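>>> Sequence plus the predicted model coming up.
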Number of protein chains: 2
Amino acid sequence: MKKVTIKDVAKAAGVAISTTSNALNGSSLVNEETRKKILAVAKELNYVPNLNGRYLKTGKTKMLCFITSNVRGPYFYMLVESMCHECERLGYGMNLIVTKDKNVIMNHMVGQGFDGVFIYEGERIQEQELKIIDQSRVKTILLDRSYSSEFISSLVFDSYQAGFYVTRYLINLGHQRICFIEGADDVYDSIERKRGYIDALKAYDIPYDEDLIIRGYFEETYTYNSVTTMLRIENVALPDAFIAGNDLSAIGCMKALKALGYEIPKDVSVVGFDDIEVAEYLSPSLTTIRNPIDRQGVQAIELMMRMIHHNEKGRVEQLKGELIPRKSTGICLRK
Amino acid sequence: MKKVTIKDVAKAAGVAISTTSNALNGSSLVNEETRKKILAVAKELNYVPNLNGRYLKTGKTKMLCFITSNVRGPYFYMLVESMCHECERLGYGMNLIVTKDKNVIMNHMVGQGFDGVFIYEGERIQEQELKIIDQSRVKTILLDRSYSSEFISSLVFDSYQAGFYVTRYLINLGHQRICFIEGADDVYDSIERKRGYIDALKAYDIPYDEDLIIRGYFEETYTYNSVTTMLRIENVALPDAFIAGNDLSAIGCMKALKALGYEIPKDVSVVGFDDIEVAEYLSPSLTTIRNPIDRQGVQAIELMMRMIHHNEKGRVEQLKGELIPRKSTGICLRK
DNA sequence: TATGATATTAGAAACGTTTCTATTACCTCT
DNA sequence: AGAGGTAATAGAAACGTTTCTAATATCATA
């Protein structure tokens, strides 16, 4: 009942180990006759190569690693789905680490012998630590922030462009007083979307108004409270439209507006970012920007393969989003 | 810039490789003085053990594998989240394979040297193939069907009980004519839920009526059509309540009922199974059975560890669900 | 002062591959 | 017939560990 090794196959086929190895790996050195015999014997014995042996020798593990702090929501599963499929296709394994612990991350980066590592939601990873990662020479791709060094690439959505598009879309519908609900100060996506928002206003000569910037922290409840506070406590006049930092935030925003008695999109328009699953089922359904997540997945693997096999240096790549118009936005009806 | 190995550490510390290995692994053989020195040197050189070398020698990989055909939805992420956390805690890696291809599955089962494998949504895996898996002696846990053999365990929700509970709940609300919308014939969960439904009827002396069994295949659209057909084409009188095979099916059912002009729960009650994320956001919110998914995750790992370390034989374990009453069910108002 | 016993360290084999080098057998050419 | 080339195969080293066995030093005991 012992594991059958290449040695057993060699013996059973009456050839040397090296010949067996060559035959199994499709080397052109070995005679067609013997190859056939060896393959037959291997199959008959149910031989499966021991990967530890192989990888020890070759120095590769054919193992990638996906480190993430958050496994919930459509973003994650779409990403992981496309990445896993690509891995499978290319004969790579994909290890999954779910953690927020920076030590765990760093430990897995340098210690586990992965051929490459993807990091999503590593906002907490400091420049300092990226340096260490770079020194460890592990091929790394950041999926949620823009950075590059010798061994580190990133592949992010063009949140700036998304922010710009969405704002322009609202402006084209006639909206002028547009409120932006931002996330946290140090979150790449939030910063970039806001930058796009501001530049779009500028492009259409609409004055930027500090009072129309509030915080939502990408959360439903927080946004709900912020919007309510803005309109009821601070008595800011109802803006023409709200740009929420993401879809979750948009949900909170819509709930708050409804609770205050406003109708969407008659009285006010709302947009989000991400196009999460429920966006389409909300009432009204939510206008949002959809990111080509599956494309990010396969492109990330492609980039990784180039880094692994052709020693391509780290670089930054960007992906463009797509506006999905639904029922939460409409023409501005106010004079 | 070469990888530093145990040999380098040994040389730098001026001791033998074996001593180094022992020191690093906390063997009591080595003198406290030398251990300290070796650890210091190892740290100084940034030594990280090569896992392929170690695993080749020890025959273990400390690597588990999660094979699934479907990575979408809350069920998956809750499961994977809890499992990954447990793995991390125990020093195991978790490989993720997303595939529907049986050959891929079988290949990964026997070939990749995982210490253990979890399979979710392997409905297609036949008895025949389970035999092969068993012969490969890879410790395996099935997460979605009930089966056991020497090296195969399963850890499933008690769908029979869930079906029974839900039916009893409706009966207690006064419903008598209860329609059951089943999934596919060969799906474990569907079979068991229906069995629970039938037994609950029996327990309360309510006659089982063939006409009240329709198909939904766990899908929204299919269910929508089935319900519509039942009520409009076949002109079956509106049942008091519908038990949908899962929440998705319940959504289709509710849409169909609304489209036909019925009010939920005034005219008719609807329940589902799973408690998916949107269940709570539907209108009316959906009464359903929630399974303790995170518990399934940690319990699965526990079971796996027992199989790996204590060579526990394969077995079947079950988890109980919890009824979540919401607004889609109400007291039966019909005479 | 020999004699074990003990504590510590060193040496070497082994895990299962791949791959470099060596060997063999056969063939072609002069 | 011998030289040289080619095709096929065999042998052996190496990858980085762990672990078994051997060696050495120290020490208490008789």
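Structure received.
>>> Keeping just the C-alphas, turn stretch A:277-287 into CSV.
In CSV, the C-alpha atoms belonging to stretch A:277-287 read as follows (Å, rounded to 0.1, in the frame of the first residue of the first chain):
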residue,chain,number,x,y,z
GLU,A,277,-25.1,42.0,-6.7
VAL,A,278,-28.0,43.7,-4.9
ALA,A,279,-27.6,46.9,-6.8
GLU,A,280,-30.0,45.7,-9.5
TYR,A,281,-32.6,44.6,-7.0
LEU,A,282,-32.8,47.7,-4.9
SER,A,283,-35.8,50.0,-5.5
PRO,A,284,-35.1,52.0,-7.4
SER,A,285,-32.3,49.9,-9.0
LEU,A,286,-28.9,51.6,-8.5
THR,A,287,-27.0,53.4,-11.2
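>>> For that stretch, buried residues please.
By neighbour count on 16 or more other C-beta atoms under 10 Å in any protein chain shown, the buried set for stretch A:277-287 is A:Glu277, A:Val278, A:Ala279, A:Leu282, A:Pro284, A:Leu286, A:Thr287. (Glycine included, C-beta is placed from N, CA and C.)
>>> Okay, and which of those residues map to strands?
A:Thr287 (DSSP state E).
>>> wait, what's in contact with the residue in the stretch 151-300 of chain A that DNA strand D sits nearest to?
Per C-beta to the nearest atom of the strand, A:Phe151 is where the stretch 151-300 of chain A lies closest to DNA strand D, at 19.0 Å. Shown in contact with A:Phe151 (C-beta atoms under 8 Å, 6 or more residues apart in numbering or on different chains): A:Ile133, A:Asp134, A:Ser136, A:Arg137, A:Val138, A:Lys139, A:Thr140, A:Met307, A:Gly314.
>>> The fifth one contacts A:Ile119, doesn't it?
Looking back up the chat, that one is A:Val138. No - the pair A:Val138 / A:Ile119 is not scored as a contact, 10.7 Å apart, by C-beta atoms under 8 Å.
>>> Those two - which one has more neighbours?
Ranked by neighbour count (other C-beta atoms under 10 Å in any protein chain shown), A:Val138 and A:Ile119 place A:Ile119 first, with 25 against 20.
>>> now that one: how far from A:Arg145?
In this view, A:Ile119 and A:Arg145 are 9 Å apart by C-beta to C-beta, to the nearest Å.
>>> Now A:Met305: which helix or strand?
Taking DSSP states H and E as the definition, A:Met305 sits inside helix A:293-309.
>>> By mean pLDDT, flag the weakest helix or strand of chain A.
helix A:102-111 (a mean of 75; mean pLDDT, DSSP states H and E).
>>> What is it packed up against?
Applying 3 or more C-beta pairs under 8 Å, 6 or more residues apart in numbering or on different chains; DSSP states H and E, one finds that helix A:102-111 contacts strand A:63-68, strand A:93-98, strand A:116-120, helix A:127-136.
>>> Try it again at 7 Å.
Counting contacts by 3 or more C-beta pairs under 7 Å, 6 or more residues apart in numbering or on different chains; DSSP states H and E, helix A:102-111 is packed against strand A:63-68, helix A:127-136.
>>> roughly how far is that helix from the heart of the chain?
Remark: helix A:102-111 is offset 20 Å from the chain centroid, using C-alpha atoms, centre = their mean, to the nearest Å.
>>> Other residues contacting that helix?
A:65, A:67, A:97, A:99, A:117, A:122, A:124-125, A:129, A:132-133, A:136, A:138, B:48, B:88 (C-beta atoms under 7 Å, 6 or more residues apart in numbering or on different chains).
>>> before we move on, what about stretch A:50-58?
Outside stretch A:50-58, the residues that touch it by C-beta under 7 Å, 6+ apart are A:Thr5, A:Thr61, B:Asn52, B:Gly53, B:Tyr55, B:Leu56, B:Thr61, B:Gln112, B:Gly113.
>>> any residue of it up close to DNA strand D?
Yes - counting by C-beta under 7 Å from any atom of the strand, contacts between stretch A:50-58 and DNA strand D involve A:Gly53, A:Leu56, A:Lys57.
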